[in-house]
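A.B. asks: Pasting a predicted model and its sequence here:
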Amino acid sequence: MIPLPKPDPHTRPFWDGCLDGVLRYQRCQACSKVQFTPRASCERCHGDNLVWHDATSLGTVLTFTRVHRAALPEFRDKVPYDIAILEMDEGFRLMVNASQALSSQMAIGLRVKVGFVMQGEVALPIAEESL
Amino acid sequence: MTMNAFLTGVSDTMVGELPGSSCMSLHAQAALGAVRNAGLDLSQIDGVLCAYSFTEPHLMLASVFCEYIGIHPRQSLAIQAGGASACVMVMQAAAMVASGQCRHVLVVTADNRLTGMTRDAAMAALSEVGHPQFERPFGISVPASYALVTQRYMHEYGVSSAQLAAIAVQQREHAARHPQAHKRDPITVQDVLTSKMIAEPLRMLDCCLISDGGAAVVVSARAAVSETSGHAIEILGAGQGHTHEHIVNAPSLVDFGCKASSALAFERAGVTSKDIDVAEIYDSFTITLAIELESIGFFARGQAGAAAASGALGLDGSLPCNTHGGLLSYGHSGAAGGMFHIVEAVRQLRGQADKRQIQDASLAFVHGDGGILSAHCSLVLANQ
């Protein structure tokens, strides 16, 4: 089994959202900082009034790589697979894999929509299709 | 300006495949060599810094080492800053001696990652630096993380794979002049460009080695240098820069802490990048060295690869760089990988670099990078 996320109290809303098909992100109520990865307090003003928002799931490929040599045996039957960092429209960054359909089109600047794929008990975000 | 601290002894073990070695035996060999090189007795060491090990991991590696070698120093602790560890440890040792807490600090790094574990196990252990929830589920590895940076860097600055390959080729040329280097067979740009793809666009020969080996240095207080008989090299300046740990959280994919760390080190030393005679800079991947060389100010943005192709990083070039062959060709043994850069810088400044010697080298720059360009530490060393 691949190393699946183990949600903690501060990331659970994100992973619960993924199971519901919704991509969520934190925003600080005090200073409006959009924050990802999720934390207990704001990385800018350190306030703890962080509110979860639903994202549009739309973003742009900031960078990507096609992995041919996996570091873990659990990923060896998946190579080659794509990893991308997306700049989401709400202003946070997300690491995802790319769907088979998207793989041949991967390029910096590509507009994509994020979907979800089940892995065990967890739904992982994935760059599903281009816009 | 000064840090009031001196490198008085350096030593390294053989590197490469060292059957019969263990993490601690390499620690001991490097440590005893450095103390001897300083002309000191082990009993004169009053501070010990160690880093970390993959093959003999322990919560208190410095205590394990002191027990192994049979010393009871006044201060002993382990430091973990990934590839920046060696430079960070020397900077910390400098603070320990400059503050008067210690006279001679022994800084030791070693691991036997090649024979002490499988390549797969080493790769798997390295991949654990990925964020457990937001990176590792997607199959991230250290090479893949650097590949993400490479792709963006190439996109923004028009750098080509062939230009990056020139960096690997140059370092192999240097390694061929070092009798101890792990990889000495010459390679061409074509070899790099046709080597096995790891994570696009990085290929096998863009990536550092996995080696067994160890290296150690002694850092002495100004007032204690007279107790040593090694050729003392002054730590003129040092600085660090920290921006993130996980690449998904990096504030920028092209600007990293090497800019701040080098600026601090140069400022403290009272010199500029133009004054440097020889540079030994962390090169976990070809892109690592390119980004650092450009961020630190040795070359314009996007120009380091092209400069390497034109010979600028060679022994006769404008900036002789990684004269031992670096992590790409000399060897990479965990925290010792970065320490090899420091040992080579000291040898250059002492005029002991044999076939790799840069004439009249008096000022060296050393740089370490930990994580995914996350933690940076720069040193300016001088033969005063």
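C.D. replies: Perfect, thanks for sending it. As the structure is a computational prediction, the values presented were derived from the model and not from experiment.
A.B. asks: Please count neighbours and contacts with C-alpha atoms only from this point.
C.D. replies: Will do.
A.B. asks: Quick check: closest non-adjacent residue to the residue nearest the centre of chain B.
C.D. replies: The centroid of chain B falls nearest to residue B:338 when counting by Cα atoms, centre = their mean (1.9 Å). For residue B:338, the nearest residue in space outside its immediate sequence neighbours is residue B:86; the separation is 5.4 Å by Cα to Cα, 6 or more residues apart in numbering or on different chains.
A.B. asks: That neighbour: what secondary structure?
C.D. replies: helix (DSSP: H, G, I helix; E, B strand; the rest coil).
A.B. asks: Return the residues in contact with it.
C.D. replies: B:51, B:109, B:335-336, B:338-339, B:342, B:368 (Cα atoms under 8 Å, 6 or more residues apart in numbering or on different chains).
A.B. asks: what about 7 Å?
C.D. replies: Each residue near residue B:86 by Cα atoms under 7 Å, 6 or more residues apart in numbering or on different chains is listed here: B:335-336, B:338-339.
A.B. asks: How far does the strand or helix carrying the residue nearest to the centre of chain B sit from its chain's centre?
C.D. replies: Per DSSP states H and E: residue B:338 is located in helix B:335-350. The chain centre lies 8 Å from the centre of helix B:335-350; the measure is Cα atoms, centre = their mean, to the nearest Å.
A.B. asks: just stretch A:103-117 next, same as before
C.D. replies: When C-alpha coordinates are averaged (Cα atoms, centre = their mean), stretch A:103-117 and its chain have centres 12 Å apart.
A.B. asks: coming back round to it: the residue nearest to residue B:338 and residue B:240, how far apart?
C.D. replies: The spacing between residue B:86 and residue B:240, counted by Cα to Cα, to the nearest Å, is 12 Å.
A.B. asks: Same question for residue B:379.
C.D. replies: As defined by Cα to Cα, residue B:379 lies at a distance of 9 Å from residue B:240.
A.B. asks: Looking at the two now, which is surrounded by more residues?
C.D. replies: Neighbours around residue B:379 and residue B:240, counted as other Cα atoms under 10 Å in any protein chain shown, are more numerous at residue B:379. The numbers are 29 against 25.
A.B. asks: For that one, give me its contacts.
C.D. replies: Applying Cα under 7 Å, 6+ apart, we find residue B:379 in contact with B:87, B:237-239, B:265, B:365-367.
A.B. asks: same thing but 6 Å
C.D. replies: Residues in contact with residue B:379 (Cα atoms under 6 Å, 6 or more residues apart in numbering or on different chains) are B:237-238, B:265, B:365-366.
A.B. asks: Next: residue B:77.
C.D. replies: Counting by Cα under 6 Å, 6+ apart, residue B:77 makes contact with B:49, B:62.
A.B. asks: If we use 10 Å, what do you get?
C.D. replies: When contacts are counted by Cα atoms under 10 Å, 6 or more residues apart in numbering or on different chains, residue B:77 is found next to B:47-51, B:60-63.
A.B. asks: what does the stretch 251-384 of chain B put close to chain A?
C.D. replies: Where the stretch 251-384 of chain B comes near chain A, counting by Cα under 10 Å from any Cα of the partner chain, the residues are B:251, B:253.
A.B. asks: now the helices for the stretch 251-384 of chain B?
C.D. replies: When assigned using DSSP state H, counting those that start in this stretch, the helices of the stretch 251-384 of chain B occupy the ranges B:258-269, B:286-296, B:304-309, B:326-329, B:335-350.
A.B. asks: which helices and strands does the second one pack with?
C.D. replies: Right, helix B:286-296. helix B:142-157, helix B:161-175, strand B:202-203, helix B:258-269, strand B:278-281, helix B:304-309, helix B:326-329, strand B:363-370 (3 or more Cα pairs under 10 Å, 6 or more residues apart in numbering or on different chains; DSSP states H and E).
A.B. asks: picking that back up, of the helices of the stretch 251-384 of chain B, give the one that comes closest to residue A:57.
C.D. replies: With Cα to Cα as the criterion, residue A:57 lies closest to helix B:286-296 of these, at 31.4 Å.
A.B. asks: any idea which of the contacts of residue B:86 has the most stuff around it?
C.D. replies: So for those (other Cα under 10 Å), the most neighbours sit at residue B:339, 35 neighbours.
A.B. asks: how about the nearest residue to that one, chain neighbours excluded?
C.D. replies: Across the structure, with Cα to Cα, 6+ apart as the measure, the residue nearest residue B:339 apart from its sequence neighbours is residue B:86 (5.1 Å).
A.B. asks: which residues are in contact with the longest helix that chain A contains?
C.D. replies: As assigned by DSSP state H, the longest helix anywhere in chain A is helix A:12-19. Surrounding helix A:12-19, the residues in contact under the criterion Cα under 10 Å, 6+ apart are A:5-8, A:20-26, A:37-38, A:52-54, A:115-118, A:121-125, B:133.
A.B. asks: In strands, which of those appear?
C.D. replies: A:24-26, A:52-54, A:115-118, A:122-125 (DSSP state E).
A.B. asks: what about burial for these, which qualify?
C.D. replies: Buried members of these, scored by 16 or more other Cα atoms under 10 Å in any protein chain shown, are A:24-26, A:52, A:115-117, A:122-125.
A.B. asks: Can you tell me which of the residues you listed lies closest to chain B?
C.D. replies: residue A:124 (8.0 Å; Cα to the nearest Cα).
A.B. asks: List the contacts of the closest one.
C.D. replies: Residue A:124 makes contact with A:4-5, A:15, A:18-19, A:21, A:96-97, A:114-118, B:133-134, B:137-138 under the criterion Cα under 10 Å, 6+ apart.
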